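Visitor: how does the following fold in three dimensions:
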Amino acid sequence: MSHPTNEADHAAPAVRTPTKRSKSSVVNEDASSEHKSKSPRKSRHATASSTPVASTNIVTPSTTALVSIKPAKETSRARRSLNPAIAEETEPNDETQKKLPFGGNSKPIEVPSNVKRVYTIVNKHTGSIGGNSHGGAIYGELTVGSMQKMINLMMEHTDLGPSSRFIDVGCGLGKPNLHVAQMPGVEFSYGIEMEHTRWMLGIANMQQVLKQAKVDEAEGREEDVIGHACVLKHGDIRDAKFFDPFTHVYMFDIGFPPRLFHILADMFNNSSSQYLICYHGPRLMIDRYEFNVELLAQTSTSMHGSSEVHSGYIYKRTNSNKSKCKSKTFGEACDPLFAEAWKICRSGLDEVLKHTEDQVNEHIKATNQRVTRAAAKRASSTD
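Guide: Numbering: from 1, shown residues only. This is a model prediction of the structure:
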């Protein structure tokens with residue numbers, strides 16, 4: 001028996017209407033989605049790496065090949081000099097891991113007792129005059145601890161000791177000179193200062209220190225003895241042509257003009273001095289001003305009053321230069337500007353004290369004469 005056919009059935013395919021899903025299927029899908037959300041999410045890199053890849057002849061360039069592609073840059077003398085010092089300073093140790101603000105260390109720096117005695121005398125005499133507060137950063141008034149830290153580095157890297165000869169270019173009040181005269185007790189400590197007022201403050205300080213040394217000698221003191229092998233000179237370093245006979249050339253050079261650096265470089269390069277201690281880095285001292293040196297060590301220092309931080313650098317001569325200085329004192333090359341002071345230091349405490357007191361008295365006499373002339377001029381103008 002045939003059934004009648006509907007024309008609509010032949011005209012278009014049947015449209016499937018959505019049917020109700022069973023509760024069990026919905027629960028299963030929710031469970032699977034929850035399982036997916038709880039499972040750890042894989043990164044794209046992990047998915048890509050886990051996907052199997054057909055083996056092909058892929059050649060990966062080696063690391064050395066990639067490095068060799070880059071053109072090699074020639075490092076400057078300053079950078080070559082700086083690298084060993086940086087590596088040495090950045091090597092992990094207890095001190096580098098405990099740095100404090102302003103370049104300080106958590107470990108206190110031990111200052112010898114005779115050095116403390118000298119600074120006590122100086123501070124009692126001049127206090128904060130002449131750089132301990134105002135202008136201290138320009139004139140190189142380091143704190144006692146910072147100066148001791150620099151001296152410790154010099155003793156470690158340059159063999160600064162009793163046979164050394166030390167010059168401070170622009171010595172100001174002469175504190176570095178007095179310091180090294182005590183610790184490590186150098187043979188000859190010489191400071192030269194152009195500014196008259198600061199030099200006078202320096203020799204006034206030194207006079208008080210030497211008087212105390214004389215008292216110690218009379219009392220037969222054996223501990224914390226004050227050293228006396230120190231002379232401070234009012235003058236211009238440009239009057240000298242060489243740094244002989246000094247083994248260590250020290251200068252707080254923050255305020256030095258560029259022209260002076262070139263003069264000092266010529267003096268150093270033509271001398272037999274082995275070590276340069278200053279506060280400018282290799283880029284300036286080696287590349288620009290052409291000192292024949294390499295960097296040995298560096299450290300941070302802080303100033304009186306302002307607490308400014310400056311890096312101190314210790315350099316060593318790169319070439320074994322024979323001094324061009326023809327003048328000699330005690331059988332060694334010595335520029336004539338320094339010969340008299342060296343002889344005074346070799347003569348003992350009495351001679352150093354007499355020389356210092358003569359300088360002080362000469363200054364007082366000259367000052368009184370200027371005051372008298374000024375008073376007479378005012379009196380004549382009033383009449």
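
Visitor: buried set for the stretch of helix or strand F338 belongs to?
Guide: Assigned by DSSP states H and E, F338 belongs to helix 336-347. Buried residues in helix 336-347, counting neighbours by 16 or more other CB atoms under 10 Å, are found at 337-338, 341-342, 344-345. All C-beta spots, glycine's among them, are computed from the backbone N, C-alpha and C.

Visitor: please, where are all the strands along the protein?
Guide: Ranges of strands in the chain, per DSSP state E, are 165-169, 188-193, 230-234, 248-250, 275-278, 293-302, 309-317, 328-329, 332-333.

Visitor: can you spell out which helices and strands pack onto the second one?
Guide: Looking back up the chat, that one is strand 188-193. Strand 188-193 sits against strand 165-169, helix 175-182, helix 196-219, strand 230-234, helix 336-347, with contacts defined as 3 or more CB pairs under 8 Å, 6 or more residues apart in numbering; DSSP states H and E.

Visitor: between strand 230-234 and it, find me the angle.
Guide: On the basis of axes from the mean of the first three to the mean of the last three CA atoms, to 10 degrees, strand 188-193 is oriented at 20 degrees to strand 230-234.

Visitor: hmm, who's touching strand 188-193?
Guide: Under the contact criterion CB atoms under 8 Å, 6 or more residues apart in numbering, strand 188-193 has outside partners 165-172, 174, 176-178, 180-181, 199, 202, 229-237, 245-246, 338, 341-342, 345-346.

Visitor: next, count neighbours for the nearest residue to D236 once chain neighbours are set aside.
Guide: In space, and not counting its chain neighbours, D236 is closest to M194: 5.6 Å by CB to CB, 6 or more residues apart in numbering. M194 is flanked by 14 other residues according to other CB atoms under 10 Å.

Visitor: with E223 instead?
Guide: Using other CB under 10 Å, E223 is surrounded by 7 other residues.

Visitor: same deal with R259?
Guide: When neighbours are counted by other CB under 10 Å, R259 comes out with 9.

Visitor: list the contacts of it.
Guide: Per CB under 8 Å, 6+ apart, neighbours of R259: none.

Visitor: just the pLDDT at it, thanks.
Guide: pLDDT recorded at R259 is 96.

Visitor: thinking again about what came up before, in CSV, list the buried residues of helix 336-347 along with distance to Y275 and pLDDT.
Guide: Below are these laid out as CSV (distance: CB to CB, whole Å; pLDDT from 0 to 100):
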residue, distance to Y275, pLDDT
L337, 20, 98
F338, 17, 98
A341, 20, 98
W342, 18, 98
I344, 24, 97
C345, 19, 96
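
Visitor: ok so, going back, what angle do the helix holding F338 and strand 188-193 make?
Guide: 140 degrees.

Visitor: elements contacting helix 336-347?
Guide: Packed next to helix 336-347, using 3+ CB pairs under 8 Å, 6+ apart, are strand 188-193, strand 230-234, strand 328-329, helix 349-382.
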